[in-house]
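Engineer: Predicted structure and sequence below. I'll ask about it afterward.
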Amino acid sequence: MEAFLQWLRDLPPSIWVAESDTVWAYPFVLFVHTVGIALTGGSAAVILMRVLGFARSLPLPAMRKLFPSLWAGFVLNAISGTLLFNAAATTTGYNPTYYLKLVLLLFATLTLLPVRTFIYEDRASSGSGIPFRVRGFAALSLFLWAGVVATGRLIAYLV
């Protein structure tokens, strides 16, 4: 594992992010990651809170418009997160908090999918009510997304 992590750390983009003095390196990648978190987490929070009953005056089908920004943020985070991980691979690669974040991210995404499916169904347009199962997924997903953000911040402090 050490050899693989060192190889990641020694890739030219990793060296550039970790060692360059320009603001276009680490500060910019970190900024892009933060924007991605805002797009993903913010969009997910609005969608999930609406499914849980907040802002009932907003029609559920209107939440469909937030999914493109959610997935755009997800892609930004995947790219910027990979660059940030690679730049610190030899330390982050041994940090259990990083792997907890990835597990939480996986489950946060998976629990969001049934909510998305419901929102895109015709039942969401009819206003016939949100099934308990969908609300359960929404509550769990909201909790998991908060965990993703929290563990992401803690990576720098827990080794």
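Structural biologist: Right, received. Where do you want to start?
Engineer: Report the spatially nearest residue to residue 2, omitting neighbours in sequence.
Structural biologist: residue 90 (7.6 Å; Cβ to Cβ, 6 or more residues apart in numbering). All C-beta atoms are positioned from the backbone trio N, CA, C, and that covers glycine.
Engineer: can you check residue 40 too?
Structural biologist: That would be residue 73: by Cβ to Cβ, 6+ apart, it lies 3.5 Å from residue 40.
Engineer: Mind listing what's buried along stretch 140-150?
Structural biologist: Judged by neighbour count (16 or more other Cβ atoms under 10 Å), stretch 140-150 contains these buried residues: 140, 141, 142, 144, 145, 147, 148, 149.
Engineer: Then stretch 40-60?
Structural biologist: By 16+ other Cβ under 10 Å, the buried positions in stretch 40-60 come out as 40-41, 43-52, 60.
Engineer: want to throw these into a markdown table with distance to residue 27 and secondary structure?
Structural biologist: Putting the buried residues of stretch 40-60 into a markdown table (distance: Cβ to Cβ, whole Å; DSSP: H, G, I helix; E, B strand; the rest coil) gives the following:
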| residue | distance to residue 27 | secondary structure |
| --- | --- | --- |
| 40 | 20 | helix |
| 41 | 21 | helix |
| 43 | 24 | helix |
| 44 | 26 | helix |
| 45 | 26 | helix |
| 46 | 28 | helix |
| 47 | 30 | helix |
| 48 | 31 | helix |
| 49 | 32 | helix |
| 50 | 34 | helix |
| 51 | 36 | helix |
| 52 | 36 | coil |
| 60 | 39 | helix |
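Engineer: Lowest-confidence entry in those residues?
Structural biologist: Among the buried residues of stretch 40-60, residue 60 carries the weakest pLDDT, at 90.
Engineer: I figured that one was touching residue 120, is that so?
Structural biologist: No: in this structure residue 60 lies outside contact range of residue 120 using Cβ atoms under 8 Å: 9.8 Å.
Engineer: Pull up the overlap in contacts between these two.
Structural biologist: Overlap between the contact sets of residue 60 and residue 120, as judged by Cβ atoms under 8 Å, 6 or more residues apart in numbering, is nil.
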